[in-house]
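Engineer: Provided below for reference: sequence and predicted model.
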2 protein chains.
Amino acid sequence: MPRVVDAEQRRQQLAEAVWRVIRRDGVTGASVRAVAREAGTSMGALRHWFATQDQLLSFAMTLVVERARDRITAVLRAGAPLRDQVLAVLEETLPLDDERRAEGEVWLALTARALVDADLAALRDRAATELSGLCAAVVDALAEAGELAEGVDAALEAERLYAVLDGLAVHAITRPSALPPARVREVLAAHLAELRDTR
Amino acid sequence: MPRVVDAEQRRQQLAEAVWRVIRRDGVTGASVRAVAREAGTSMGALRHWFATQDQLLSFAMTLVVERARDRITAVLRAGAPLRDQVLAVLEETLPLDDERRAEGEVWLALTARALVDADLAALRDRAATELSGLCAAVVDALAEAGELAEGVDAALEAERLYAVLDGLAVHAITRPSALPPARVREVLAAHLAELRDTR
DNA sequence: ACGAAATTAGCACAGTCGTGCTATCAACGA
DNA sequence: TCGTTGATAGCACGACTGTGCTAATTTCGT
């Protein structure tokens, strides 16, 4: 077998195999054997890169977060007008296409497991803090630009925006037919519009 | 062993054992043996009431939904003023105390499993339709009472309210320290207030 | 008090699980 | 070209899984 060019790249390949298995068979189905089979490799090879199953799942979740973060920073670099940029940034966290839908399903599955897995819970907390902070930053940016209605409690609005985001995400993931991407966009846009025009 | 007075009651006892195991060890830990041990009975007895594990988990989720529905109809029977009643009804779906928190944790765990379990998915869809309909009914009731701002898209507002609800639920369940019950109430109340006063 | 039915108990089977471990194979520096 | 290191392969072990199944026990109608 040819030596892998980049170790990190190999680990990502295996993590993506985890994603595929989780999407097909759930976290329950993400056994070491199943992931190795999905990745087209052996149990031994898998254990060479991840000593335990917990490490494997943790890395798979870390990768979900990193992918989303990368997309968001890419949008920020693009430097669109504030109102467009805000919408674009927030939409990167929603399951609006197949790629983000896959990440969302994995995120939901691992979030549930994090209720009883301390390592995953720590990862989830970091990610949640990050996303919560992003919502706060969005509200602050709108406020500074004078695009926010007066008398608005910024912290509370950030919390509400965060809830709308994850609520939409959960619904779009679990019931895509009842809440297609276009509808998700509509609701998010309406919420942002109200954030500006209200009171 | 004394004969159980009511068969349904016995099934609920066992389902509640499922809840306790899921809260402690996750859905993964909800094996037939573990549930039987938690319920203080035997595998055979458990299988007498639920032929398969899937039936057991399905019933446990059904019970979550029924408990919530019962609480909501109780609030509706109480017949408080509209604005108070709306808030009270919606709060019954949120994990604001230990009982509802437990239900929420089970709901989240089983929602995740429903991604790959057809039976659970059907249950989840029914429950989601119900809750989504409740949100629509709330918006309609406010509109009929003239408590809703003009020019508001009722269907879209129902969708947004539903997102806020489940977003708050997910956050309160996964990060209770970051979003304590009082804060959840605040955000929900603010959302309802804006629904009335806006534009 | 006796038989039928409801309920409980728990063994047996054929799997799958995570991980420890050794052996093999490929690649690269010397 | 040889030895070292990186990487893969897969067996072995003990524990756990869901379910089929039989036997024991308890309860209730009569």
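Structural biologist: That came through, no problem.

Engineer: Quickly note the distance from A:Val64 to DNA strand C.
Structural biologist: The gap separating A:Val64 from DNA strand C is 19 Å, by CB to the nearest atom of the strand, to the nearest Å. Every C-beta, even on glycine, is put in place using the N, C-alpha and C of the backbone.

Engineer: who's in contact with that residue?
Structural biologist: Neighbour list for A:Val64: A:Trp19, A:Glu103, A:Val106, A:Trp107, A:Leu110 [criterion: CB atoms under 8 Å, 6 or more residues apart in numbering or on different chains].

Engineer: which one of those residues has the most neighbours?
Structural biologist: Taking other CB atoms under 10 Å in any protein chain shown as the neighbour criterion, A:Val106 ranks highest of these with 27 neighbours.

Engineer: what about that residue, which SS state?
Structural biologist: Secondary structure, DSSP: H, G, I helix; E, B strand; the rest coil: A:Val106 is helix.

Engineer: what's the domain layout of chain A?
Structural biologist: According to automatic domain parsing, chain A comprises the domains A:1-51, A:60-197.

Engineer: Export those as JSON lines, with columns for distance to B:Glu150 and mean pLDDT.
Structural biologist: Formatted as JSON lines, those follow (distance: least, CB to CB, whole Å; pLDDT from 0 to 100):
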{"stretch": "domain A:1-51", "distance to B:Glu150": "44", "mean pLDDT": "90"}
{"stretch": "domain A:60-197", "distance to B:Glu150": "14", "mean pLDDT": "95"}
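
Engineer: Report how many residues lie close to the residue lying closest to A:Ala17 once chain neighbours are set aside.
Structural biologist: Closest residue in space to A:Ala17, ignoring its immediate chain neighbours: A:Ala39 at 3.7 Å, by CB to CB, 6 or more residues apart in numbering or on different chains. By the criterion of other CB under 10 Å, A:Ala39 has 20 neighbours.

Engineer: quick one, what contacts A:Ala39?
Structural biologist: With CB under 8 Å, 6+ apart, A:Ala39 has these contacts: A:Gln13, A:Leu14, A:Ala17, A:Leu46.

Engineer: ditto for A:Arg185
Structural biologist: By CB under 8 Å, 6+ apart, the residues touching A:Arg185 are A:Glu91, A:Leu96.

Engineer: try A:Phe50
Structural biologist: A:Arg11, A:Leu14, A:Leu56, A:Phe59.

Engineer: Indicate which one of the domains of chain A is closest to DNA strand D.
Structural biologist: domain A:1-51 (1.8 Å; CB to the nearest atom of the strand).

Engineer: chain center to that closest one: distance?
Structural biologist: 20 Å (CA atoms, centre = their mean, to the nearest Å).

Engineer: and what of stretch A:95-110?
Structural biologist: 7 Å.

Engineer: Now tell me what touches that stretch from outside.
Structural biologist: Contacts of stretch A:95-110 (CB under 8 Å, 6+ apart): A:18-19, A:22-23, A:26-27, A:57, A:60-61, A:64, A:67-68, A:92, A:94, A:120, A:124, A:169-170, A:172-174, A:176, A:181, A:184-185, B:111-112, B:115.

Engineer: Can you flag which of those belong to helices?
Structural biologist: A:18-19, A:22-23, A:57, A:60-61, A:64, A:67-68, A:120, A:124, A:169-170, A:172-174, A:181, A:184-185, B:111-112 (DSSP state H).

Engineer: Can you narrow these down to the ones near DNA strand D?
Structural biologist: Restricting those to those touching DNA strand D (CB under 7 Å from any atom of the strand) yields no residues.

Engineer: and the residues you listed, which are buried?
Structural biologist: Neighbour-count burial (16 or more other CB atoms under 10 Å in any protein chain shown) applied to these gives A:18-19, A:22-23, A:57, A:60-61, A:64, A:67-68, A:120, A:124, A:169-170, A:172-174, A:181, A:184-185, B:111-112.
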